[in-house]
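S.K.: next come a sequence and a model predicted from it.
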Amino acid sequence: VENKRLKKKVNKNFQMIGESEAILKIKDMIEKVAPTEARVLITGANGTGKELVAHWIHQKSNRSKGPMIEVNCAAIPNELIESELFGHVKGSFTGANKDRAGKFEAANGGTIFLDEVGDMSLSAQAKVLRALQENKISRVGNDKDIKVDVRVITATNKDLQKEIKEGKFREDLYHRLAVILIKVPSLNDRKDDIPLLIDYFSKDIASQHGNAQKIFLPDAIERLKENDWTGNIRELRNVVERLIILGEDKITVNDVDLFASK
């Protein structure tokens, strides 16, 4: 089931919607960096589309036929992150009832995407550094080396330079990860892209619900452009979906005021 889900995700057509200067610059960087093996660090606030950038790089890379494995470092407890990334052998800790491969092994021949890498424990950072330096990992509870061929893409919403100064992030690992640095802007910094994003989301949502696409009238779009999008693209998508479900056949400024106000 996991493999089917991963393959489905690999085959999905990831793309960046927008024609603002910042997005065009990112698209150009992706075209240049994707065919290489260079590591990429993607920065930006929550909901800006960092995961999308990572998937697009993988999709356009020479590894696109290989797996794309995502790990949300912020969602995994510190005591389990090493086992999640590198696997473990039976009996290595309470609950380790059998040998288990980690995400680095699962990503062999493809790409591993370490999301919210700034939340990773220092001990896990040391192991990731070794994996990058030597292309080898070892499972928790075992010293045996396992060779891995993996491209590493990372993302964070934290200021890693500040984390380094505070002793929370390894400087040597940062320099290994940030060969290419891509900063994804907030939606408030690219509001001219909002009409394109609304059109894309309304088509996508209509197709998911099996409905005809609803039209957003110009005054509704202008009102949405005036919003303060602290939740970024993720928030905009939710608002578009809410308007499609609750609004009239043609979405008006009244619909926006009723269903999309803060």
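M.R.: Thanks, I have it. Residues are numbered from 1 along each chain as shown.
S.K.: which parts of the protein are helices?
M.R.: Remark: helices assigned in the chain by DSSP state H are 2-11, 21-33, 50-59, 78-86, 103-106, 122-134, 160-165, 171-177, 194-209, 218-226, 232-246, 253-259.
S.K.: using CSV, lay out those helices together with mean neighbour count, mean pLDDT and distance to V150.
M.R.: Just so you know, the C-beta spots here come from the backbone N, C-alpha and C atoms, and that holds for glycine as well. Shown next, in CSV, are the helices of the chain (neighbours: other Cβ atoms under 10 Å; pLDDT from 0 to 100; distance: least, Cβ to Cβ, whole Å):
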stretch, mean neighbour count, mean pLDDT, distance to V150
helix 2-11, 11, 44, 14
helix 21-33, 15, 96, 16
helix 50-59, 22, 96, 11
helix 78-86, 19, 88, 11
helix 103-106, 20, 95, 6
helix 122-134, 17, 92, 8
helix 160-165, 15, 97, 21
helix 171-177, 17, 97, 13
helix 194-209, 16, 93, 31
helix 218-226, 15, 97, 40
helix 232-246, 18, 94, 28
helix 253-259, 16, 94, 44
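S.K.: identify whichever of those helices lies nearest to V148.
M.R.: helix 103-106 (5.1 Å; Cβ to Cβ).
S.K.: contacts for that closest one?
M.R.: Residues lying outside helix 103-106 but in contact with it, judged by Cβ atoms under 8 Å, 6 or more residues apart in numbering, are 67, 69, 71, 84-87, 112, 131, 137, 146, 148, 150.
S.K.: one more pass at 6 Å, please.
M.R.: For helix 103-106, the external contacting residues (Cβ atoms under 6 Å, 6 or more residues apart in numbering) are 69, 71, 85-86, 112, 137, 148, 150.
S.K.: also stretch 193-208?
M.R.: Applying Cβ under 6 Å, 6+ apart, the contact partners of stretch 193-208 are 17-18, 20, 213, 216, 221, 225, 236-237, 240-241, 244.
S.K.: cool, and stretch 38-56?
M.R.: So stretch 38-56 is contacted by 14, 30, 113, 152-157, 177-184, 186, 231-234 (Cβ under 6 Å, 6+ apart).
S.K.: hmm, try it at 7 Å
M.R.: Applying Cβ atoms under 7 Å, 6 or more residues apart in numbering, the external contacts of stretch 38-56 come out as 14-16, 26, 30, 33, 57, 68, 113, 115, 152-157, 176-186, 231-235.
S.K.: ok, now stretch 226-244?
M.R.: If you take Cβ under 7 Å, 6+ apart as the criterion, stretch 226-244 is touched by 45-49, 186-188, 194, 197-198, 201-202, 205-206, 214, 251, 255-256, 259-260.
S.K.: how about 8 Å then?
M.R.: Stretch 226-244 is contacted from outside by 45-49, 186-188, 191, 194, 197-198, 201-202, 205-206, 209, 211, 214, 216, 220, 224, 251, 255-256, 259-260, 262, using Cβ under 8 Å, 6+ apart.
S.K.: circling back: which one in the contacts of helix 103-106 is the model shakiest on?
M.R.: Lowest pLDDT of the contacts of helix 103-106: I137, 87.
S.K.: that residue and A126, how far apart?
M.R.: Distance of I137 to A126, computed by Cβ to Cβ, to the nearest Å: 12 Å.
S.K.: over to L132?
M.R.: From L132 across to A126, the span is 11 Å (Cβ to Cβ).
S.K.: re earlier: how about the helices of the chain in JSON lines, adding distance to A96?
M.R.: Below are the helices of the chain laid out as JSON lines (distance: least, Cβ to Cβ, whole Å):
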{"stretch": "helix 2-11", "distance to A96": "19"}
{"stretch": "helix 21-33", "distance to A96": "38"}
{"stretch": "helix 50-59", "distance to A96": "30"}
{"stretch": "helix 78-86", "distance to A96": "7"}
{"stretch": "helix 103-106", "distance to A96": "16"}
{"stretch": "helix 122-134", "distance to A96": "17"}
{"stretch": "helix 160-165", "distance to A96": "30"}
{"stretch": "helix 171-177", "distance to A96": "26"}
{"stretch": "helix 194-209", "distance to A96": "39"}
{"stretch": "helix 218-226", "distance to A96": "50"}
{"stretch": "helix 232-246", "distance to A96": "35"}
{"stretch": "helix 253-259", "distance to A96": "49"}
